[in-house]
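Participant: predicted coordinates and the sequence they were generated for:
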Amino acid sequence: MNNVMQNPELKTGLVLPLMEQFYTIQGEGYYTGSAAYFIRLGGCDVGCHWCDVKESWDENLHPLTPVDHIVSHAQQHGKLAVITGGEPLMWNLDVLTAELHKKGIQTNMETSGAYELSGEWDWICLSPKKTKLPTQSVFDAAHELKCIIYNKNDFKFAEEQAAMVNDKALLFLQVEWSKRDEMLPLVVEYVKNNPKWRISTQTHKYLDIP
Ligand SMILES: C[S@@+](CC[C@H](N)C(=O)[O-])C[C@H]1O[C@@H](n2cnc3c(N)ncnc32)[C@H](O)[C@@H]1O
Ligand SMILES: Nc1nc2[nH]cc(C(=O)O)c2c(=O)[nH]1
Ligand code: SF4
Ligand SMILES: [Mg+2]
C-alpha cells in the first residue's frame with residue numbers, strides 16, 4: 001500500500017488528494033454552459049489510453065488537502081461545484097459533499113463509476129469505461145450517462161451501458177477529442193437514427209477555457 005492510502009483522515013474523507021480547483025464553465029453534458037467551480041481530485045487506476053488528464057493518475061503527486069480548505073475556496077465562486085478527477089469515487093466523498101451542501105453549494109460529479117458510491121449528490125454524470133465497469137450503486141444513482149465514442153465499437157458499448165443505467169438517466173454520446181473530425185459525423189448520424197441519445201461535445205476545448 002502506498003503512502004496516501006495509509007492516511008486515516010483520508011479514509012474518513014476529512015482530507016482529499018487535491019490536484020487543482022478552478023472556476024470555469026461546465027463544458028460537457030447536461031450542465032454545459034453553466035458556471036461551475038471544479039474540484040479535481042488526484043488518483044485514477046482506470047487507465048483510459050485517451051484520457052485528457054493523465055497527470056491526475058498518481059494520487060501521491062497531489063497533496064492531501066483538508067476538506068474545509070477546499071470548501072472555503074469553493075464558496076467564493078458561485079453555487080455549483082463539479083467534483084472530478086482523476087476518479088473521485090476512489091475517495092470517501094461524504095464529508096466534502098455534506099460541507100458543500102451546508103454552504104448552499106450544489107454538488108455535481110463526473111465519474112467513471114468504477115468504485116462504490118459515496119457522497120450526497122445533486123447530479124451524477126456517469127462515463128463508463130470498458131477497463132473497469134461501473135458498480136451497480138452508480139448505475140442506480142446516475143442522472144446522466146455520457147459515453148465516449150473513440151471508434152465504431154463504442155456505439156455498441158454505449159447501448160450496453162444504457163441498458164444498465166436507471167431509466168431516468170439522460171443519455172449522451174461524446175466524441176473522444178483526438179478523433180473528433182473522424183467520429184463526429186458518425187455520432188451525428190447515430191443520434192439522428194437513435195434520438196434517445198443526445199450529443200455532448202467538450203465545448204470548453206473549442207472555447208479555449210480550462
Ligand atoms: C477526465 S474524466 C474525470 C472523471 C472520471 N474519471 C471519468 O472518467 O468520468 C472527466 C470526463 O472527461 C471525459 N474525457 C476524458 N478524456 C477525454 C477525451 N480525450 N475526449 C473526450 N472526453 C474525455 C471522461 O470520459 C469523463 O466524462
Ligand atoms: N470546462 C470544463 N468542463 C469539464 N467538464 C468535465 C471536465 C472534467 O475534466 O471532468 C471538465 C473540464 O476539465 N473543464
Ligand atoms: S477514468 Fe477518467 S480520469 Fe481515469 S483515465 Fe479514464 S478518463 Fe481519465
Ligand atoms: Mg476535462
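Facilitator: Received it, and whenever you're ready, just let me know what you need. Ligands and ions are numbered 1, 2, ... in the order given.
Participant: show me which residues of the chain sit near ligand 2.
Facilitator: Contact residues (C-beta under 6 Å from any ligand atom) of the chain with ligand 2: Thr24, Ile25, Gln26, Gly27, Glu28, Val53, Thr84, Glu110, His204, Pro210. All C-beta atoms are positioned from the backbone trio N, CA, C, and that covers glycine.
Participant: ok, which pair from these is furthest apart?
Facilitator: Ile25 and Val53 (17.1 Å; C-beta to C-beta).
Participant: quick one: mean pLDDT for the longest strand anywhere in the chain?
Facilitator: Criterion DSSP state E: the longest strand present in the chain is strand 15-25. Strand 15-25 shows an average pLDDT of 98 in the prediction.
Participant: mind listing what's buried along it?
Facilitator: Val15, Leu16, Pro17, Leu18, Met19, Gln21, Ile25 (16 or more other C-beta atoms under 10 Å).
Participant: and those as a markdown table, adding distance to Thr135?
Facilitator: A markdown table is the format used below for these (distance: C-beta to C-beta, whole Å):
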| residue | distance to Thr135 |
| --- | --- |
| Val15 | 24 |
| Leu16 | 20 |
| Pro17 | 21 |
| Leu18 | 24 |
| Met19 | 23 |
| Gln21 | 26 |
| Ile25 | 30 |
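Participant: now, which of the residues you listed sits nearest ligand 2?
Facilitator: Here the nearest of these to ligand 2, counting by C-beta to the nearest ligand atom, is Ile25; it sits at 5.6 Å.
Participant: so the closest one touches His204, yeah?
Facilitator: Yes - between Ile25 and His204 there is a contact at 6.4 Å, judged by C-beta atoms under 8 Å.
Participant: state which one residue of this protein is found closest to ligand 1.
Facilitator: Ser127 (3.2 Å).
Participant: quick check: that residue vs Ala141, distance?
Facilitator: 14 Å (C-beta to C-beta, to the nearest Å).
Participant: same thing with Tyr31?
Facilitator: According to C-beta to C-beta, Tyr31 stands 17 Å off from Ala141.
Participant: helix, strand, or coil at Phe38?
Facilitator: Under DSSP: H, G, I helix; E, B strand; the rest coil, Phe38 falls in the strand class.
Participant: element containing the residue nearest the centre of the chain?
Facilitator: Nearest to the geometric centre of the chain sits Glu110, at 1.5 Å (C-alpha atoms, centre = their mean). Glu110 is part of strand 106-111 when elements are defined by DSSP states H and E.
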